[in-house]
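Asks: No letters, just coordinates:
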């Protein structure tokens, strides 16, 4: 009997993380206000508890156990999953999430200001 075993854990994690990044952009595209973009991005982040034990977008300082990432005037606070090693790859993903959230919020802020000027 011949049995081929393929390790798919890294692939599954990678696909899940890419889906989170893609969904942040997709879900926030039509947001009409920064508050709406925050709500939509927060919903995407909450849908990935495997990588993000908790995530919140707010002003202020991190709570114990949270990592902070710039998201414009607001910040993304994330509690990493206790099941995952906080290595460079995981930190890189979290930084990308912070960058994606910051980009979405800035895009909405600029559009909102343009609408208010018109």
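Replies: Nice, thanks for sending it over. Owing to the predicted nature of the structure, the values given are computational and were not obtained by experimental measurement.
Asks: For the protein, name the helix or strand with the lowest mean pLDDT.
Replies: Using mean pLDDT, DSSP states H and E, the weakest-scoring helix or strand in the chain turns out to be strand 67-71, at a mean of 85.
Asks: which element is the most centrally placed residue in the chain on?
Replies: With distances taken as C-alpha atoms, centre = their mean, residue 97 lies nearest the centre of the chain, 3.6 Å away. Using DSSP states H and E, residue 97 sits in helix 88-117.
Asks: what comes up buried for that helix?
Replies: 90, 93-94, 96-102, 104-105, 107-108, 112 (16 or more other C-beta atoms under 10 Å). C-beta: built from backbone N, CA, C; applies to glycine.
Asks: which residues sit in contact with the closest residue to residue 37 other than its chain neighbours?
Replies: Once flanking residues are discounted, residue 37 sits nearest to residue 31: 3.8 Å by C-beta to C-beta, 6 or more residues apart in numbering. Neighbour list for residue 31: 37, 40, 104, 108 [criterion: C-beta atoms under 8 Å, 6 or more residues apart in numbering].
Asks: what's the most distant pair in those?
Replies: 40 and 108 (9.6 Å; C-beta to C-beta).
Asks: hey, what's in contact with both of those two?
Replies: With C-beta under 8 Å, 6+ apart as the test, residue 40 and residue 108 both reach 28, 31.
Asks: For the nearest residue to residue 67 once chain neighbours are set aside, give its distance to residue 42.
Replies: Distances taken as C-beta to C-beta, 6+ apart place residue 78 nearest to residue 67, at 5.2 Å, with adjacent residues excluded. Distance, residue 78 to residue 42, by C-beta to C-beta, to the nearest Å: 12 Å.
Asks: Give me the common contacts of those two.
Replies: Joint contacts of residue 78 and residue 42 (C-beta under 8 Å, 6+ apart) are residue 55.
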